[in-house]
Every structure is written in structure tokens, then in C-alpha cells.
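Peer 1: Only the shape, not the letters, is given here:
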């Protein structure tokens, strides 16, 4: 059998006696059959709820999962600690004030974290929104899954099983008055101790250990996990809301959003007042409230009553509110005429009429149940066609749209294979992950991946996470001796390097994670890596290493001598002309990049000096994924992968060289050398 099951937790049997008097829902108190599986994600079970790029630091720690990261986040969204307890947070957000709209629902979160949830949501007269969620879990085991006992505990508010309270608010920056339609509001996340009510730096949401705020929330709310600034403060988004300054608008803005309530995936009690029918109206009220936090697309207007509370997105780097289309469809579309939730939503690009029956089936059977809950809140129009019409790419809104060039789902197959089949870090939530692998969804996804040239079977058996996967890094030109690293290989305990092509070369430490190639200048070597774990061996992977002399056109500097100054000189040069867009001041009026490449006062001391360079260096390292180098935005995006459709670093260009690349035969040759320089810099740890 491909998948295995664990037996139900004995603690739940005890819980059944404790909660025997409670009404149970449609699951009759049984644990769902997709309990803990033998498949585990890349970094072990604790990798659930961690960003795929967790900002790995030089000492091996993951910055986004540290107390320093959480402390910096709270300092940004609440610098005066005015909301550091649940009572203070509730008072600040108007709970129980008798004004505005406030409603409570109770449901079983079958699909997400498995909790019984008591959710109270409110919208204040000024348009700000706050959602308080009490979470109940009748099991502390690491292999827990959803049980209707959790729902029963939430119904009666049994404090023995209350594991924590989440606080989400949609409000302006600290100390800044709200503008019309909450035009300067953004989402902020807090977590409070169930017993003391004290705000927490970390929480254990899935039985697998504490993880730091805000990552455990924003990993599924569309947020970014950028590195802390050079001084340890929390990163500010580079964009600002219309009519506000950056200083006012961006404190702790992680570009996350409120989740809509997918009512069809919830479990409900049979206790009067807590059935689905009893709560359907309240659930719709909360979804309409969530809709108010979604912007209208840039440059659009709406006369629909449910849109009266929505602001217009002021720049295309902002998320364009793609989830609004789905949310409205749940209640009959525009005007939201239906009182009862019903989910038949399929984005137009995925529908058979515009793509194929296979694409529509893929959306309904894989994307909808396992991906969109997080992905639909991600992405910006910068990743689309530069017009603001789509939140394409990572939002999975488009399947195959010629107008989007390389920004649709179809052109993301390589990374889907890497995350789902190889690394095992998607789906990102534990319960969704386990249900995905205990279903036919992997086979449906495999059919798609193979149609895009991805290899996902071995001897007719679908590959699954947990097997050894060799990763010797990208092809490169370097000097001799050349360091070879298998650090990005997966699930590996043994390593075997061998030369499979090229003459005059030799290897040392060929049975370690780091080997050395001694080669002859001018020769290219195919170096094969096989990794293993016990008796299981990986498929062999070959990296091509060309040996050259430092100072040549192909290798301007020795591999170990490349520094941040070299990378900075390239990205500020022309070509490639990166600073035409990556510069403060919104040069295209509707476009803001996630990082600026020009020299400017980054730390606010009125000077532009070496300190600003250190800040720049720190920000640029955030564009490197040291846990999966090939996925680094610094490498992928400018080479045509989801970069507004553009191939900025075109290594195949046959155009003549001008400007910075004089001396190279073609522009492509120049770009090959500079791309190679970035690769070597990253492989050496990206030193300053």
C-alpha cells in the first residue's frame, strides 16, 4: 500500500466520556480516516506552517521562526503594547461596545487545523474589522486530526480544551486615523494564551511544537516572510496606500488578508443554535464583512451594494482582491442573492470552455480542496501581465492564458513538482497535506505534471516525499579546485559523487556532502551525484562544471572572491537595467517592486553610505532561498519565471553587446557570465 494510517488517539476516547453530554455533528465523534501518514515533509514534521523560504541564516537557524522575528513584528503593529493582552486587544477593537456589527459562529474546522472554533467577528462604524477566534482541541498528540469532540468543546466553551485565541484585525497603522472605506487598513495577527490572555510570540497549532508569529498565521493568509531589517526591525512593505506616506502606511504590513469562510468544508453541531441552518445567516454576514477587506481592482469602480465598503487598490503591486470573485460566487454572484452557501466555483481560465475538461477537473479535485485556501490570497498583478487585470501566477487564478506569457499555472509545473512530489512542503498545512496524500489527488496532479514534461513515476509507481533526492546545484563555470555541495539534497544520509564526462579531472571527498573537483582549464565535467538513505538510493543527477581561469570573460573573478559589491554592480548596470523599475518613487506610477536596487537612504539617517549598503545586502539576501537555491527569486524571476512575463537576463540572446557588456560576443554571453557569478556567490554563502 502506498499510504498508511495511524490508529485513533487513545486520548480522544477519554475525551468522549468528558464530552458525552455534548451534541455531536455529522461525524459522530469519529476521527477522520486520514490521520498521521508515513509520508513526512522535507524538514521533518515541524516544517508544516513554515514558509518555503524561511530565511535560513548563517548559523543554520530559520529567522522567520525565531522569537526575534515575532518580537519585531509585534513592535511594528503595536509599538506601545496597547494590545498585548486579549482583554486590551478586544477593547481596542470595540468588542462588546454595542456599536457596529458583531456576530458569533461555532464550527468544526475540518479542513485546516482541525480545531473546534468559536469565531466572533465585528465591523466598527469606521470600517475597521476584527475577528477573534477561540480554538478548541481535545488532543495534544502530534498526530492529531479533526474530531467532532473539538467542535463539542467549542460549543460549550470547555476551557480544558481551549488551546489559544487568535486575534486578526483589519485596521490602519498604529496611531494613524482610518481613512474612507478603511483605505489605509491592512491585516494584523496576534495570538493569545488560552489561560492568561497574554499575547504570545509563538504557538503550537498542529501538535508539532511551537512556531513563531506571524508565520503560523500569514503562511495561509497570503502574507510575505521577508527578512528582518539590518537593525533587527520588522520589514516594511515597499509600497504605500494612496494618500499616505511610507512611514505611516507600512508598519508590520505583511500583505496578508482575511480568509473567507468556506462553509461547505466545516462541521456543525446538532445542538440547537449551533447547527448549520441556525448559523447560515451569521456565516454569510461574516463573509460579507471579509469581502469589505478585499480591494476592488486598480482603476475600477462598482455600484454593487456589497462593494460599497471596498476601497480601490491603488497600485498593481497590491493584491487585486482575486478571492472576492470566489466569495461572491458562493452566494450566487453579484449582489450575493443567495442566503445559503454553495461552492461550485471554477475560475474562467480553468473552465472547459476556455481550457479543457482535464484542467477543470484538476481545479475541482485538487486545487479547490488542497491549494486555493492559501494560494488565492497570494500574488500581485506584478506577477501577471503588468496591467492589474490578474493576480496570476502563485494565486492559481489562471490555468493557461497566452496573454500572461509565463505567469499561469501551466508554467509553474516545475515548482509544483518540487514542492509537492519532491520536497513535501506543500500542501503547507498538516491536515490538508495528509488528506491530499490519502486520496486520488496525487494521481490527478501527476497526470498534469507529466503532461508538462515532469517525471513523477518510477517503475510505474508515483513518487512521494520522503525518498532521497539528489541536488548538486546549478550548472556553473568556476575555477579549480571547485567545491561541490549536496546541501540542498533531500532526505539524504549518504552521498556519492562521480565524474561521468570530461577528461583530466579528479574528485576528493567523493563520499561526503561536500566534495572537491580538480579539473583542467577549458574542460567541462559532468559530475553525477547519487544520495541515499538506508538501502534506498536516489536517481542520479548530473551537474555540468566548466573550469576556467579567473579574469576571463566567462569567469571575471575567482569563485571565492565574489562579493555583494560584484552583484550590486551588475544589477545596477545597464544591461540589465534593473534600476529602471526597482527604484523608490514609483517610476511607472502603478508598479512597485518588492525590493529596490538603487542607492538611497535605507536606514533613515539622512546619509547614503556603507551602512545603507549593509541594509541593501541584507534585503538582497532575502531574495535567496538557501534551502532550495533553484527557487531563489534572485535567480528565477529575471530569467523569465514569473517576472511580469519578462526575461530580463536572457542567456540565449544573440544581440550585440553595448554598455556594461562591451567585450562579449553577444548579450547572451554577458548574461551567462553574470548569472554564473550570482550562482557562485550564493553557493559560497552570499558573503558581503
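Peer 2: Looks like it came in fine. Remember, predicted model here, so these are calculated numbers, not experimental data. Numbering: from 1, shown residues only.
Peer 1: Validate this expectation: residue 516 resides in a strand.
Peer 2: Yes. Residue 516: assigned to a strand according to DSSP: H, G, I helix; E, B strand; the rest coil.
Peer 1: Report the separation between it and residue 159.
Peer 2: Noted for residue 516: a distance of 60 Å to residue 159, by CB to CB, to the nearest Å. No exception for glycine: its C-beta is placed from N, CA and C like everyone else's.
Peer 1: Compare neighbour counts for those two and give me the winner.
Peer 2: residue 516 (16 against 11; other CB atoms under 10 Å).
Peer 1: so who does that one touch?
Peer 2: Residue 516 sits next to 481, 482, 483, 484, 507, 508, 509 when contact means CB atoms under 8 Å, 6 or more residues apart in numbering.
Peer 1: Which of those has the largest number of neighbours?
Peer 2: Going by other CB under 10 Å, residue 484 tops the contacts of residue 516 with 26 neighbours.
Peer 1: Please identify which helix or strand holds it.
Peer 2: strand 482-485 (DSSP states H and E).
Peer 1: ok, what's across the strand from residue 108?
Peer 2: Beta-bridge partners for residue 108, by DSSP bridges, are residue 116, residue 267.
Peer 1: now residue 198
Peer 2: Bridge pairing for residue 198 - DSSP bridges - gives residue 85.
Peer 1: what about it, neighbour count?
Peer 2: Close neighbours of residue 198, defined as other CB under 10 Å, add up to 11.
Peer 1: from what I can see it touches residue 84, true?
Peer 2: Yes. Under the criterion of CB atoms under 8 Å, residue 198 lies in contact with residue 84, with a separation of 7.1 Å.
Peer 1: on that earlier part again, the following helix or strand past the strand holding residue 484 pairs with which strands?
Peer 2: Counting by DSSP H and E, the next helix or strand C-terminal to strand 482-485 is strand 494-501. Note on strand 494-501: by DSSP bridges, its sheet partners are strand 524-533 (antiparallel).
Peer 1: between the partner strand and strand 514-518, how many degrees?
Peer 2: Relative orientation of strand 524-533 with respect to strand 514-518: 160 degrees, computed using axes from the mean of the first three to the mean of the last three CA atoms, to 10 degrees.
Peer 1: From the rest of the structure, what touches strand 524-533?
Peer 2: 467-472, 484, 486, 489, 491-502, 505, 507, 517, 519, 537-547.
Peer 1: Name all residues that make contact with the residue lying farthest from the centre of the chain.
Peer 2: Within the chain, residue 504 marks the point farthest from the mean C-alpha position, 44.7 Å out by CA atoms, centre = their mean. Residue 504 is in contact with 519, 520, 523, counting by CB under 8 Å, 6+ apart.
Peer 1: Identify the residue spatially nearest to the second one, adjacent ones excluded.
Peer 2: I take that to be residue 520. residue 504 (4.0 Å; CB to CB, 6 or more residues apart in numbering).
Peer 1: That neighbour falls within a helix, correct?
Peer 2: No. Assessed by three-state DSSP, residue 504 does not belong to a helix; its assignment is coil.
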